[in-house]
Each structure stands twice: as C-alpha cells, then as structure tokens.
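[1] Take this sequence and fold it.
(2 chains)
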There are 2 protein chains.
Amino acid sequence: MKTEPKTLSGFMELYPNEQIAFDNIKNIIIDTYKKYGFYPLDTPIIEYSEVLLAKAGGETEKQIYRFEKGDNDLSLRFDLTVPLAKYVAKRCNELVFPFKRYQVGKVFRGERPQKGRFREFYQCDIDVIGDEELSLKYDSELVNVIYDIFNKLNIGEFKVRINNRKILGGFFESLNLKDKITDILRIVDKLEKIGKDNVIEELKNLEIDENNINKIIDFISIKGTNDAIIDTLKNDYCDNEMFNLGVSELESVIRDIESRRIPTKNYEIDLTIARGLDYYTGTVYETSLVDYPGIGSVCSGGRYENLAEYYTDKKLPGVGLSIGLTRLFYQLLESNIIKIENVSSSDVMILPMCDNYDYIYKVNNVLKEKNIKVNICYLDKGFKQKMKYANRMNNKYVIIIGEDEVNNNTVVLKNMISGNQITMSYNELVTAKEMILD
Amino acid sequence: MKTEPKTLSGFMELYPNEQIAFDNIKNIIIDTYKKYGFYPLDTPIIEYSEVLLAKAGGETEKQIYRFEKGDNDLSLRFDLTVPLAKYVAKRCNELVFPFKRYQVGKVFRGERPQKGRFREFYQCDIDVIGDEELSLKYDSELVNVIYDIFNKLNIGEFKVRINNRKILGGFFESLNLKDKITDILRIVDKLEKIGKDNVIEELKNLEIDENNINKIIDFISIKGTNDAIIDTLKNDYCDNEMFNLGVSELESVIRDIESRRIPTKNYEIDLTIARGLDYYTGTVYETSLVDYPGIGSVCSGGRYENLAEYYTDKKLPGVGLSIGLTRLFYQLLESNIIKIENVSSSDVMILPMCDNYDYIYKVNNVLKEKNIKVNICYLDKGFKQKMKYANRMNNKYVIIIGEDEVNNNTVVLKNMISGNQITMSYNELVTAKEMILD
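    Numbering: from 1, shown residues only, chains lettered A, B, ... in the order given. Below you'll find the model as predicted:
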C-alpha cells in the first residue's frame, strides 16, 4: 500500500520554473531592503502561545495553529510584527535605535481555504523602531522602498496611496463620533469594495445622523492633486488639534517624498485609506497595481505609536510595511501579469562526447570561476539523447566536448535557439561569459 | 501586567550582527548549489502526518511536532528528504530527470533540549534524483560541491571522508553476518566516538565470534592513501559480489574526484564511515573540520536506491547531502572558528548637517544606483550625536553634507576608522564605490 503524496490545500508548492520566478521576486525585495540598511532578522516559527497571543483576540486567535508539546502551549507565528515586538522588547538595552530590520518568512493562519487564500504564506516586512521618538522621514523612506521594489519588479504601473490616521481620527472626533471611530474607519476602509451607498447605509446602522454622514462623505470625497488636497485640509477645514497635526505630518511626508524625486504618478494622497488594523496612529499606506485594481493592496503599512506595549514599558514608536508575497505571486500568475517561462537552472550545459573528464572538468572549472552556472549531462547515451535532455532542461547554450575538442584544446559552443555553433579555444573560454550570459 | 518576551529554548534567535554572519554562510551555500544547476525548491512546513510519517518510526516519530487542526492530523516537517520524496512522487510525470534540487529551510524535532541541540534548525540540502538509474558522476559532483562550499566559507582545513555501503554490506555478508548488518554498522559508525575497545565489546554483545570480530577490526583498520586502500580492497580481499561492486563504485568515484582537481588533502577514503541511516546503499560521505574533530561531521550524505518507495512504484535512485546550518553556525561560534564582528548593515551613512534634502537624497540616489547600501541619519541632533550614532551602527564610512557641501556641489567622505576625510565633488561620487566598498 502506497501513501498518496498529497499536499495540504492552502499551502503553496511550486514547480521548479515557478519557484525560480518566485525566488526572483523575493530576492528583489530582499536586495532592496538591504540597500536601505535594514538588518536581517530571523525569529522562530514556533513561540509560546502566551507571548504570541499577548495582544491578539477575535479572528486572529481562531485562525492560529496552536498545540501542546510536552508541557508547553505553543503556536505558529501568524505575522512577523508580534515576533519583532518580542525581539525588540527582549533586547531593547542592546539594540541601537532607530533599529531597522527586514524579515522575510512564512507565517500561518488557518483561514477557511478558498481560491487565492493561503494558510502558509510569506510575509516580507520592514520596520524602523525608534526609542521614544522616530523621525517622519522614515515614513517617506518606506515609500521610496516601495517605489524601488515595484519599479524593479517591472509588473506595470503602481501607485502608493498615502493617508494619516490622525486626520481621520481628528475629523471624527470633531463630529463627536470619537467612540465610533474604529467602526467608522472599518466602514470607510471598505469604500472601494462596497461603494458609497453601502458605506452610507452602514454608517446609518451606527446611528450616525445625516448631517454627520454628509460631512463624512464630503470629507472622503476630497480629491485632486496632493497640493490641492493639502490646501483644502489646511484651510480651516476642521478645528481639531489631532486633525491638524495629522495634516501637518502628511504634508511633511509628501514634501519629503517630493525631495526624493519619486515620480508623481507613483504616489498620491487618498483620504479613504484607513487600514483595518487599529494600531496605526499616523501615516498609512497601501499600494495598488493601477491596471489591476481588483487585486487590492499589494504592499501596506504605516506608523504606530508603540510596538511592544504588551511586553515592556519602553515606548517604541515605529513605521513599517509588509508585502504578502505568496498571495502577490499567486495574483500575478492568475492575472497573467507575469508568465512562467521555461527557464533553466543553469546558464550552460556541457555535453561530454568522450571520456576525457580531465578536460571536461577543466572547462567546467573555468566556467564556474566566471560565475557561470553549469550542468554537465552525465547521461550514458548518444548525442541526440543528450541534446534532447539539454532541450528539456531549457538550456539556451550547450558546450560540446568530443575527442577533437580535447585534442585541439577547444570546445563547441552551440546556441540551442538559433542553432548556431562556434568552435572556441580553451583560452577564449574566459571571455565566453558575455556570450553565454547575454 | 506585561507578558515576558521570552523565546523557546532550543530555538535560535540571533543578534543583528550574528544574523548577518549566519546569512553570509547561508548565501555561500545557496550560491554554490545554484552554480551547479540545482533548482530551488520550497515545500510546506506543515504536511499531513500520514504523508510525513509514511516511512518514519521509532525516535523520529516521538520527536515530531504533531497536532490536529480542524479534521486534519498535521505534522511539522522533520527533514527535507521526506518532503522531496513526496514532491517528486507527486510530479514524476512532469519533472525532467535527473532532477537536481536544493532546498534550504527550517525543520523541527522536539529533541530533549541541551547545549548545541536545536528543536528548530536549518537544513541545506541538495539531491539529484534519477529515473530508474543515475550516473555515479553525481556522487563525485557532490564532493565537488562540498569542496567549493567549505573552501569559500574559509573556516579552516576540512576533509570529506568517503566510503561505500556496499563494501561494508558485502564484507559483513561474507562473514555470514548479513542479518546483523544494521546493528554492526551502527556500532562501527561509533568507532570514533567510543573507541575500538568499546566497539569490540558491543560486537561481542551481538554474539559475534572472535574470529569474525578480528576480521571486522582488521577491515576497519585498513589505512593509507586512497590508491593503497583501493589496491588492498581489490586484491582478492573479499570474495563477495556486493563487496566488489562497492569497491568498483568507490574507485570510480575517487577517480572522478581526481579528475575534478580537488586537492588530495580535502578528501579520503574512510572505511569506518557508515552513516547511521539505513537507507544509504552506495557512496556515503561525511565532512570534518580537521582542526576540530570534536565537532563531528558538518556535511553528510550519500547514495540511496529508492527515494519515494512509500509513495510510488517508480524507482527513483538518488544521491544527496545535507548541511545542518543552525548547528554548524552554533559550533563555529562556540569553537571560536568564526568571530562576530561589529558589522554594519550599510556601506555608508549619510549625516545631513543641513535641511537641503533635495541634495541629500540626490546623493543618496546616486549611491543606491551604484549598489551601495546607505543609511541616512535622520536624528534631529547635533553633529557629535550623529557621529556617535554612525559609530554605534558600525559604519566604516560617513558622508557629511552641510550647507557648504550643498553650495559647492560636494560631499565630505570620512573614514571612521582612520579619521581621514576628503571633500569630493558630486560628479566624483559615481567613482566612490571602489573607495567605500574596499
């Protein structure tokens, strides 16, 4: 009796060429994070439930993978923020602040499985944590990071939409709706998804009077250039301290983004952005692919007041962002934004047509020194079969070495696509890199 | 009430500069794997218990992290070989064989926690899987991979010790001890750890007669150059088919390693190497750090007859190796083989001494284009405090930009170690890379 080799649903497992495409995206993200001087961080996948769930509740708690092992109540991490909070709280006397870290790793949520939803997925996070205070310039730095990543990914037009939670909070406070802020924000956050009418309906259900609903709708309908929006908000729009602090913060962030020379088409103020989570307290961002609005935000984040309040009295404000890579990759494939090509795992394949492996390996070693990825075809078969294997392995180039080549100290380099082939001397091989890695 | 931010024992969590050192090693391993044309693979951390434990038993099963979620009986992977077997069995009609894959990921074993033992640890595996057959040249290719990695890691002298299980198996078969092979191999495998006398004692406990014990001890005492050992084994040492097939395989592998020009000091035949696992059927390797024998094998592997027999009837022979990176890193630190330096997460830190961020970001952008990792000090403090921050962040270079620099289109580049500083023009910045990345 054989066991069926099945994989759990909601768990991504890719074919080799898909995996190469996935890793390419992951590497662009990591390389960009590094370029901004973020430290790498790697925390355990399993933590004490008590630590991981210090703050959680409701939906999060229900989705958690939680189990006992020995005497320990354990859980799998469901995000990378809580482990960061634990990490920083534990080491706050040793770390140098502002502390910038990136972490790319799998997190686990036992959601109801459905198309495009994953129970195990990669998050790619960066956060900057300050000790008591943190410059607003980091808020714009993160927009620069997003810009660099999506520019490099080359998956079409994208836009970072920016808001500030203090503007929203202060505005609703001025309407005496402070106790309903969380609910209102949750509803406003759904504007794009459910439409204005449904938002109005849901606001009515909160027993908000029509006058206030009109003001709310007016407010979230403010549109225009970034300058125009800031002008509207600054011009005595709302007599509330928090509101005006938010406007001033937003203006600073926008001005700083301008200084960074990020193209104006790639960012805009959007007063409807609130982010579902209630721990953001300042700048919030979402990033959308302009031609694929249905995909939703592909990179979100914001500013929070206190990272680790459940673990320490130390005040640790921060700003961060997260890319849900597994879901993003799935969506890029589903929407045909990227296509999986038949890529090869090597730049060239050597086809030995004789037994002189001293020479074959000598060629191999020269290529490796030049950072060329090489497969050698060890199949004990004829030339045709070896060529077929090179083709199935998607090799664009093969190097053929037979008795003649050994005797003449040469190799035959063949382009599998054009069919062209040239004989080159062993000494020329060191220059073959440009030819092969074109 | 605050929750204590504690991490589970047996779970590695590093300081930022340690993490950089860890990642450097991991990247050398991955880059080498890639250079040999291995495909990347990433399988789920959670699998059906039924799938993961199709073969397991005994100790493995006891150590597993196993739990229920919904109606599913789930387990965390305890190695990367079983998931590979599942993966290949599931896709054997689509994959191209020989299939070469690398996988670097965390695995979980609930071992009794003790110094240097981890319950969550990285394995860095490669395997080559053939369809029905697989060239012996892959066995020597893996030795080349090990050589390249440990050479590049630059952690001192190392030696790959090579044997063939058929030689051991055939030899014990010739002594009519076939039914005790597994037990004998387990005892012989401990030779280095427990010494010859204890091995003899344990063999006696297996009710092996003295004559045979002497033959066993003679056999595992064969020493000398690789050629001398092969000569001894070939010279009618043992009239057993499996034995002689093993000798012939071992000779092929050794000859092929010679062709690859791996220095002779880096590999040797060692007839005592057996590997504990009973699924190896041919070549087996271990790698030891010559000056630190106590560390044991840092990279082990071998040839097996059938990867996925629990999932498919298809015969899939393979050869693979594994580096237990978490344990290796721990041991390198413990033995002072590597030292954690105060590395910086960036190549240079910009210290803004004026408010002209248009210029500051312009400088930043030029550096980023040159792949220089840049941190900007946004602290709203004086020069001394900013220099102190750059120092604490271990930056070797800082770029100072004040009003003068903006007006003259220059920057001041300061070496924090020598204290030397030069003023360079903005246009010279593009050439600063060599200076900074020295």
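[2] can you map out the strands along the stretch 151-300 of chain A?
    For the stretch 151-300 of chain A, the strands defined by DSSP state E, counting those that start in this stretch occupy A:158-164, A:267-269, A:280-289, A:300-304.
[3] Starting from the second one, tell me which strands it pairs with and how they run.
    It stands for strand A:267-269. Here strand A:267-269 is paired, per DSSP bridges, with strand A:158-164 (parallel).
[4] Run through who's touching the strand it pairs with.
    Strand A:158-164 is contacted from outside by A:143, A:146-147, A:150, A:246-247, A:249-250, A:253-254, A:257, A:265-274, A:282-290, A:298-299, using Cβ atoms under 8 Å, 6 or more residues apart in numbering or on different chains. Yep, even glycine has a C-beta here, placed from its N, CA and C like the rest.
[5] before we move on, back to that, just the strands of the stretch 151-300 of chain A: most buried one?
    Of all these, strand A:300-304 carries the top mean neighbour count, a mean of 26, counting by mean count of other Cβ atoms under 10 Å in any protein chain shown.
[6] Could you check how far it is from the centre of its chain?
    14 Å (Cα atoms, centre = their mean, to the nearest Å).
[7] Briefly note if it comes near chain B.
    No. Legend: contact between strand A:300-304 and chain B by Cβ under 8 Å from any Cβ of the partner chain is lacking; minimum distance shown is 13.9 Å.
[8] gap between A:I337 and A:M12?
    17 Å (Cβ to Cβ, to the nearest Å).
[9] So which of those two has more stuff around it?
    A:M12 (22 against 17; other Cβ atoms under 10 Å in any protein chain shown).
[10] what about the nearest residue to that one once chain neighbours are set aside, which helix or strand?
    In this structure, A:M12 finds its nearest non-sequential neighbour in A:T326, 5.4 Å apart by Cβ to Cβ, 6 or more residues apart in numbering or on different chains. Counting by DSSP states H and E, the element that carries A:T326 is helix A:325-334.
[11] buried sites along that helix?
    A:325-333 (16 or more other Cβ atoms under 10 Å in any protein chain shown).
[12] Can you tell me which residue sits nearest the middle of chain A?
    In chain A, the C-alpha nearest the mean C-alpha coordinate belongs to A:I323, at 2.7 Å (Cα atoms, centre = their mean).
[13] would it count as being in a strand?
    Yes. Assessed with DSSP: H, G, I helix; E, B strand; the rest coil, A:I323 lies in a strand.
[14] Please report phi then psi for the closest residue to it other than its chain neighbours.
    In this structure, A:I323 finds its nearest non-sequential neighbour in A:C124, 4.3 Å apart by Cβ to Cβ, 6+ apart. Per-residue torsions, A:C124: phi -120, psi 100 (degrees, to the nearest 10).
[15] What pLDDT does the model give A:C124?
    At A:C124, the model reports a pLDDT of 98.
[16] ok, it - contacts?
    Applying Cβ under 8 Å, 6+ apart, the residues near A:C124 are A:26, A:29-30, A:33, A:102-104, A:322-323, A:325.
[17] Okay, and the beta partners of it?
    With DSSP bridges as the rule, A:C124 is bridged to A:V104, A:I323.
[18] What separation do you get for it and chain B?
    14 Å (Cβ to the nearest Cβ, to the nearest Å).
[19] Repeat that for A:P317.
    13 Å.
[20] for the residue nearest to A:M12, what are its contacts?
    A:12, A:118, A:120-122.
[21] hmm, try it at 10 Å
    A:11-12, A:22, A:106-107, A:116-124 (Cβ atoms under 10 Å, 6 or more residues apart in numbering or on different chains).
[22] quick one: least confident of the residues you listed?
    A:G116 (81).
[23] coming back round to it: tabulate the contacts of A:C124 (TSV), appending pLDDT.
    Listed next are the contacts of A:C124 as TSV, based on pLDDT from 0 to 100:
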residue	pLDDT
A:K26	98
A:I29	98
A:I30	98
A:Y33	98
A:Y102	98
A:Q103	98
A:V104	98
A:S322	97
A:I323	98
A:L325	98
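[24] For the stretch 151-300 of chain A, give me the ranges with low pLDDT.
    For the stretch 151-300 of chain A, the stretches flagged by pLDDT under 70 are A:276-278.
[25] Name the residues of it found near chain B, please.
    Residues of the stretch 151-300 of chain A lying close to chain B (Cβ under 10 Å from any Cβ of the partner chain) are A:255-262.
[26] are any of those buried, and which?
    The neighbour count (16+ other Cβ under 10 Å) marks A:256-260, A:262 as buried among these.
[27] Just give the number of residues close to the residue lying closest to A:L84 once chain neighbours are set aside.
    Leaving out its chain neighbours, the residue that sits closest to A:L84 by Cβ to Cβ, 6+ apart is A:D127, at 6.0 Å. Neighbourhood size, A:D127 [other Cβ under 10 Å]: 27.
[28] What strand or helix carries A:D127?
    strand A:120-129.
[29] any idea of the angle that strand forms with helix A:325-334?
    120 degrees (axes from the mean of the first three to the mean of the last three Cα atoms, to 10 degrees).
[30] Only the buried residues of strand A:120-129, if you could.
    So, applying 16+ other Cβ under 10 Å, buried residues of strand A:120-129: A:120-129.
[31] Am I right that A:Y122 is in contact with A:G105?
    Yes. In this structure A:Y122 lies within contact range of A:G105 using Cβ atoms under 10 Å: 6.8 Å.
[32] residues shared between the contacts of those two?
    With Cβ under 10 Å, 6+ apart as the test, A:Y122 and A:G105 both reach A:L80.
[33] how far away is A:Y138 from A:V145?
    10 Å.
[34] again but with A:K370, I slipped
    33 Å.
[35] and what of A:C124?
    11 Å.
[36] Show me the common contact partners of these two, please.
    Going by Cβ under 10 Å, 6+ apart, residues that sit against A:C124 and also against A:V145 are A:29, A:32-33, A:102, A:299, A:321.
[37] How is chain A divided into domains?
    Under the assignment automatic domain parsing, the domains of chain A span A:16-334, A:348-436.
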